[in-house]
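> got a predicted model here, sequence first, then my questions.
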Amino acid sequence: MTILTMNPKKISINDYTYSLPEIRIANFPLEERDASKLLIYNDGSISEDVYRNIAKHLPEHSLIVFNNTRVVEARILFKKSTGAQIEIFCLEPGPEYNDITTALAQTGSVNWMCLIGCASKWKHGLILEKKIEYSGESIELSVKYKEKIGDSFLIELSWTPSHLTFAEILHAAGSIPLPPYIKRKAETSDIERYQTIYARTEGSVAAPTAGLHFTSSILSELELKKIQPAYLTLHVGSATFKPVKAETMEGHEMHSEYIDVSIELVDKLITGGYSAITAVGTTSLRTLESLYWLGVKTIIHPDIKPEELVLEQWDAYELNNEFPLKESLIALKNWLLKNQFNRLFTKTRLLIVPGYEFKVVDALVTNFHQPQSTLLLLVAAFIGKDWRKVYEYAMENDFRFLSYGDGNLYFRPHPNPSPKERGS
């Protein structure tokens, strides 16, 4: 087993910060998605371009992987009879549901983990009600909170007509939940622009923002260069914006997120022989890397039960990591076939920090991230100490930061082995 040069649990978040003036945070997207600036980091050097030219910077015969999750209208406002406003922010399904898709398909009522704005004004037992119109129907929506679990509330939502799904209720009653650092209300334009053009599977409360820059034109350019697209799903939770408050990472609890990966994608990774694998977004990267460790678990425990095949925060630093990528993925595929699954539905809490050994991804497309965040730690793990040089360059050269801002294409300083070596 590889010996880590540093203890990931002892990493101090104070070593991963920078000054981010509010004026550098992009509150609105550019008019054209692919007009955003693109910083390219490769082998220690930095250059600039725009997103519409990204295909020129990616190797031929490579694989590019997108997260096709779709943001749901997760923010619902209620008013008490006194006029006080209560905000319900739907985070994830209650514990009785195995996946987000099943929970969103519930009719009549559903339990959901939520954040509550002005929770002190909502007394236990008080039912809040809201009337809305949807596709010519009048809907009555009511909510009551059942219990507090950690920082969240377990809420029961119920509605009539009961034939409507919870996904339809969110469409009718909710609004797009912009990140907390965007200091404005969601506008009509955000319904389209805070969504990737390839978004398909509903379930996120935050967009996989690296993908916001991609257009049909870019996808066509990638195809011309024989860069093959692939899609997976990780439903982004609001905890992606959660700052690390603990002094060291040992005290930080990584959030759990649902992933959905087809057996066809696992097979592509096994047999593809690609020149490189590019992840569009930290969510795609975390999902791809999670596949390796989930495969390792099926090697160690071939009869592991589906509900047990999840990835915990420190698994990647504690499991045997000497299995070749191909062996791990074949084991994962065989486990799926044995259990008669054509898709892998599970949760990952993978925390990637400096010292992590990447197994799958060679290049990363991502936006600029908040100071002292787990996403900045991931970038530091991917390109090393040069993350600071990259961010200083971006600050000095008028790059726009965070979700609606500009982005980066990072190549790892020490690439993964060749396709032949990957399977050795």
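All right, it came through fine.

> Leu234 contacts Ile259, doesn't it?
Yes. Using C-beta atoms under 8 Å, Leu234 is in contact with Ile259, at 4.9 Å. Using the backbone N, CA and C atoms, a C-beta is placed for each residue, glycine as well.

> which neighbours do these two have in common?
Common neighbours of Leu234 and Ile259, using C-beta atoms under 8 Å, 6 or more residues apart in numbering, are 287, 348.

> what packs against the strand or helix carrying Tyr393?
Assessed by DSSP states H and E, Tyr393 sits inside helix 386-396. The contact analysis (3 or more C-beta pairs under 8 Å, 6 or more residues apart in numbering; DSSP states H and E) places helix 386-396 against strand 37-42, strand 45-50, helix 374-383.

> pLDDT on it, on average?
Per-residue pLDDT over helix 386-396 has a mean of 98.

> now swap in stretch 177-187 and tell me
Mean pLDDT, taken over the full extent of stretch 177-187, equals 91.

> that stretch: how far from the chain's middle?
18 Å (C-alpha atoms, centre = their mean, to the nearest Å).

> name the residues of it that are buried.
Buried residues in stretch 177-187, defined by neighbour count with 16 or more other C-beta atoms under 10 Å: 177-179, 182, 186.

> what of stretch 154-173?
Along stretch 154-173, the positions that meet the burial threshold by neighbour count (16+ other C-beta under 10 Å) are 155, 157, 159, 164-170, 172-173.

> and for stretch 105-123?
By neighbour count, and taking 16+ other C-beta under 10 Å as the criterion, the buried residues in stretch 105-123 are 106, 110-116, 122.

> got the contact list for the nearest residue to Trp387 once chain neighbours are set aside?
Spatial nearest neighbour of Trp387, excluding adjacent residues (C-beta to C-beta, 6 or more residues apart in numbering): Ala380 at 4.5 Å. Residues near Ala380 by C-beta under 8 Å, 6+ apart: 16, 353-354, 387.

> do the same with Gln195
Residues in contact with Gln195 (C-beta under 8 Å, 6+ apart) are 70-71, 207, 212.

> regarding the residue lying closest to Gly108 once chain neighbours are set aside, what is its secondary structure?
Closest residue in space to Gly108, ignoring its immediate chain neighbours: Ser162 at 3.6 Å, by C-beta to C-beta, 6+ apart. Counting by DSSP: H, G, I helix; E, B strand; the rest coil, the backbone at Ser162 sits in coil.

> any idea how far Ser162 lies from Ala119?
Distance, Ser162 to Ala119, using C-beta to C-beta, to the nearest Å: 27 Å.

> make JSON lines out of the buried residues of stretch 177-187 and add distance to Glu327 and secondary structure.
Compiled in JSON lines, these are given as follows (distance: C-beta to C-beta, whole Å; DSSP: H, G, I helix; E, B strand; the rest coil):
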{"residue": "Pro177", "distance to Glu327": "41", "secondary structure": "coil"}
{"residue": "Leu178", "distance to Glu327": "43", "secondary structure": "coil"}
{"residue": "Pro179", "distance to Glu327": "39", "secondary structure": "coil"}
{"residue": "Ile182", "distance to Glu327": "44", "secondary structure": "coil"}
{"residue": "Ala186", "distance to Glu327": "46", "secondary structure": "coil"}
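
> my guess is Leu178 contacts Arg184, does it?
Yes. Contact between Leu178 and Arg184 holds when scored by C-beta under 8 Å: they sit 7.4 Å apart.

> tell me how the chain divides into domains.
8-70+194-422, 74-174 (automatic domain parsing).

> which of the helices or strands spans Leu154?
Taking DSSP H and E as the criterion, Leu154 maps to strand 152-160.

> name the helices or strands packed onto the helix or strand that that strand is followed by?
With elements assigned by DSSP H and E, the helix or strand that comes after strand 152-160 is helix 166-173. Using 3+ C-beta pairs under 8 Å, 6+ apart as the contact criterion, the neighbours of helix 166-173 among helices and strands are helix 100-104, strand 128-134, strand 137-149, strand 152-160.

> can we see that at 6 Å?
strand 128-134 (3 or more C-beta pairs under 6 Å, 6 or more residues apart in numbering; DSSP states H and E).
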